[in-house]
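Q: Below are the sequence and a predicted model; questions follow.
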Amino acid sequence: MQDAALTNNQECLLLEIDEEVFWGLGLELVDEHAAEGGSATVYKTRVVEPRSPFGTAGELFAIKKYKAAILAVEGQKDRILQEAQLGTAVRHARFVKSLGIVHSDADVVLMAMEWIDGKQLNVWNSEPGEVRSWEVLRHISLEILSAIEALHGQKILHRDIKSENIIIDADGNPKLMDLGIAEKASEDAVTMHTQMKDFIGSIRFSAPQFVRGEKYDFADDVYSFGAVLFELFTGSRIYDEVERKTLLTAEILRRPPSVPELRKDVPVSMRTLLEGMLHPERERRPSLAEIRATLEQPDGAEYVKREIERQGEEKRGFVVIAVEGFSGSVYGDLRGRSVDVESIWAVVRKGGSVSVPSLGGIKVGRERWICYVKLKHVSQGVGHFVVVKRRWHKPPDLQTVFKYSGTYEYEEENTSLATAGDLIVEMHQG
């Protein structure tokens, strides 16, 4: 009998997951704890039964056994079923293939996946003495991206992209895995809409929106992918300077991560890409197509050019998001920055460009001065400014002067009031 061929050690291991169930699958145990996660233990197994549904004798498979504490959580079995359904729907060379649930009863739920001989990306990336060239890092980045593109192409949100969920195989290729909290981006009943309170994964890779409990978005997968690239391109973990895990949530909500020095040979444009992918605002994160174009052509990537300009503007000041009436109430998104009340700022508007001789003829964007504004108060990160001096395209009549209490100056050139999209900049820079 097959049982007689087991060593005493193997017998002990098999008893932990129910020997009869295990042998019913035509498998033998090779490694009891090949991997351990928050929700499951992964066993390395080998096909020994010729009639096994898994494949030919000697073929290796990973069996994921969910922990009893997880199965006891209300609705968790439904989530596992969803993971199995989504996993079997994804067929991509850079995604670990799932065979679905192979056993389920009140106490034991087993899911089968292809076995990958390799190392988790966080382990591979931190091996001492190993120098990772830019070409190797770019190859891995693009291959992970292709797996995410495949998921998003099927309207699947991964929701747990992190370096621990990426395996580097023996050929140096990455494989994305674990759809444990993935969701279909629709109102279909299969979607569980897991909340942050249900999250078992690493918060370090989570976008601020997910941490705040907002509905998950494709841009949040981009953020998590950015945290993975952060590790690849710098050799450090995102928010590595935050030593206490209990402070991590507050830091994610308070500020974007600081990008340290890049690894040798990593193009400087990757810093701009990381800052964009990890931007706290979803609409500011690049699309997957923009990420691919930037990785494939780091020098001269259109996304990087645009992002450098936008980041430069953000460092100077704030974007006008609304203007209220002729009286001159101007609202700016302060993006978490601390600004002194009663401070004076200038509102400027871009328009055309000018060639600068001292810069070798490089064209620099021109800015028109619109008005001066004073910050009166801040509410929920939005600054309320009032106009204290503005340009006029013609002398105002007395009735207008009485309505507007600020000073004015006469300008021949046509101008207009502040509008959404203008930039509020510090006086010494405006």
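A: Received the coordinates, thanks.

Q: now the helix or strand hosting Leu274, how far from the chain's geometric center?
A: Per DSSP states H and E: Leu274 is located in helix 269-277. A distance of 12 Å separates the centroid of the chain from that of helix 269-277, by Cα atoms, centre = their mean, to the nearest Å.

Q: what's next to that helix, contact-wise?
A: Contact with helix 269-277 is made by 222-223, 225-226, 229-230, 233, 256, 259, 262, 284-286, 291, 294-295, 298-299, 301, 303-304, 307-308, 311, as judged by Cβ atoms under 8 Å, 6 or more residues apart in numbering. C-beta: built from backbone N, CA, C; applies to glycine.

Q: which among those end up buried?
A: The neighbour count (16 or more other Cβ atoms under 10 Å) marks 222-223, 225-226, 229-230, 233, 256, 259, 262, 284-286, 291, 294-295, 298, 301, 303-304, 307 as buried among these.

Q: Which members of the contacts of helix 269-277 occur in helices, if any?
A: Among the contacts of helix 269-277, the members falling in helices (DSSP state H) are 222-223, 225-226, 229-230, 233, 291, 294-295, 303-304, 307-308, 311.

Q: Can you show me the strands along the stretch 251-400 of the chain?
A: 317-324, 329-333, 344-356, 362-379, 382-392 (DSSP state E, counting those that start in this stretch).

Q: Test my guess that Glu49 contacts Gly58.
A: No - judged on Cβ atoms under 8 Å, Glu49 makes no contact with Gly58 at a distance of 11.3 Å.

Q: These two: which is more packed in?
A: Set side by side, Glu49 and Gly58 show more neighbours around Glu49, with 15 against 8, by other Cβ atoms under 10 Å.

Q: That one in helix, strand or coil?
A: Here Glu49 takes the coil state, with states given by DSSP: H, G, I helix; E, B strand; the rest coil.

Q: Please read off the pLDDT at it from the model.
A: Per-residue confidence (pLDDT) for Glu49: 76.

Q: count of neighbours near the nearest residue to it once chain neighbours are set aside?
A: Counting by Cβ to Cβ, 6 or more residues apart in numbering, Glu49 lies nearest to Gly26, which is 2.8 Å off, once chain neighbours are set aside. Around Gly26 there are 19 other residues, counting by other Cβ under 10 Å.

Q: where are the low-confidence patches of the stretch 151-300 of the chain?
A: Low-confidence segments of the stretch 151-300 of the chain (pLDDT under 70): 179-201, 245.

Q: which parts of the helix holding Leu274 are buried?
A: Buried residues in helix 269-277, counted by 16+ other Cβ under 10 Å: 269-277.

Q: Select, from these, the two members most distant in space.
A: The largest separation in the buried residues of helix 269-277, counting by Cβ to Cβ, is between Ser269 and Met277 at 12.6 Å.

Q: what ranges do the helices span in the protein?
A: Listed in chain order, the helices of the chain (DSSP H) span 8-15, 19-24, 68-71, 76-89, 121-125, 134-153, 208-211, 218-234, 248-254, 269-277, 288-296, 302-316, 398-403.

Q: mind giving me JSON lines with those and columns for distance to Ser343?
A: Output for the helices of the chain, formatted as JSON lines (distance: least, Cβ to Cβ, whole Å):
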{"stretch": "helix 8-15", "distance to Ser343": "68"}
{"stretch": "helix 19-24", "distance to Ser343": "70"}
{"stretch": "helix 68-71", "distance to Ser343": "53"}
{"stretch": "helix 76-89", "distance to Ser343": "50"}
{"stretch": "helix 121-125", "distance to Ser343": "44"}
{"stretch": "helix 134-153", "distance to Ser343": "42"}
{"stretch": "helix 208-211", "distance to Ser343": "27"}
{"stretch": "helix 218-234", "distance to Ser343": "32"}
{"stretch": "helix 248-254", "distance to Ser343": "22"}
{"stretch": "helix 269-277", "distance to Ser343": "26"}
{"stretch": "helix 288-296", "distance to Ser343": "35"}
{"stretch": "helix 302-316", "distance to Ser343": "14"}
{"stretch": "helix 398-403", "distance to Ser343": "25"}
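
Q: Show me the one of those helices that comes nearest Lys162.
A: helix 218-234 (6.5 Å).

Q: what helices or strands is that closest one leaning on?
A: The contact analysis (3 or more Cβ pairs under 8 Å, 6 or more residues apart in numbering; DSSP states H and E) places helix 218-234 against helix 121-125, helix 134-153, strand 156-157, helix 269-277, helix 288-296.

Q: which stretch among those comes nearest Ile203?
A: helix 121-125 (15.2 Å).

Q: what's in contact with the closest one?
A: With Cβ under 8 Å, 6+ apart, helix 121-125 has contacts from 118, 132, 140, 163-164, 166-168, 174, 228, 231-232, 235.

Q: Could you give me the buried positions within that helix?
A: 121-122, 124-125.

Q: coming back round to it: pLDDT score for the residue nearest to Glu49?
A: Gly26 carries a pLDDT value of 77.

Q: rewinding a little: closest to His152 out of the buried residues of helix 121-125?
A: Out of the buried residues of helix 121-125, the member with the shortest distance to His152 (by Cβ to Cβ) is Leu121, at 19.8 Å.

Q: how near is the residue lying closest to Asp117 once chain neighbours are set aside to Arg310?
A: Distances taken as Cβ to Cβ, 6+ apart place Ala170 nearest to Asp117, at 5.3 Å, with adjacent residues excluded. Applying Cβ to Cβ, to the nearest Å, the value for Ala170 to Arg310 is 42 Å.

Q: which of those two has more neighbours?
A: When Ala170 and Arg310 are compared for neighbours, Arg310 comes out ahead with 15 against 9, by other Cβ under 10 Å.
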